[in-house]
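*Asks:* return a 3D structure for these sequence lines:
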Amino acid sequence: MGDPITVVKEMGLSHREFFRTIVSALGTDQFEKWDTRILLTTRDQTIEITLGVEGERRIALMVVPRTMVTLTFTSYTQAQADAVLKRFDMMFKRGGG
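*Replies:* Numbers count the residues shown, from 1 in each chain. Predicted coordinates for the structure are as follows:
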């Protein structure tokens, strides 16, 4: 399969919120977990997720948590990575449309 596929997302959540939802987003709890990193290995494929420093976004008086999240897919086709990302995005989607 080619080079690893890397996707960087700016997400409106804290690390705590991320770890509360990640099992549903990946559909499994069979991954290794560190403070700011997750490694999921299945057969010959690997997904590594790294969380950036927690920050915040201010919109007028509203403060929203902000974390940069990097997902790296190794030995995935683009279609396979897209399928994982679709579920990931759906599980992290918040209300409001």
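*Asks:* could you pull out the helices in this protein for me?
*Replies:* Listed in chain order, the helices found in the chain under DSSP state H are 15-26, 78-92.
*Asks:* identify the residues contacting stretch 42-51?
*Replies:* If you take Cβ atoms under 8 Å, 6 or more residues apart in numbering as the criterion, stretch 42-51 is touched by 15, 18, 22, 26, 30, 36-40, 67-76, 80, 84. For every residue, glycine as well, the C-beta is placed using N, CA and C.
*Asks:* so for it, mean pLDDT?
*Replies:* Over the span of stretch 42-51, the pLDDT mean works out to 95.
*Asks:* with stretch 84-94 instead?
*Replies:* What stretch 84-94 shows for mean pLDDT is 89.
*Asks:* quick one on the thing from earlier: so which of the contacts of stretch 42-51 are in strands?
*Replies:* Cross-referencing these against strands under DSSP state E gives Arg37, Ile38, Leu39, Leu40, Thr67, Met68, Val69, Thr70, Leu71, Thr72, Phe73, Thr74.
*Asks:* only whichever of the residues you listed are buried, select them in ChimeraX.
*Replies:* Of the ones in strands among the contacts of stretch 42-51, the buried ones go into a single ChimeraX selection, burial set by 16 or more other Cβ atoms under 10 Å:
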select :38,40,67,69,71,72,73,74
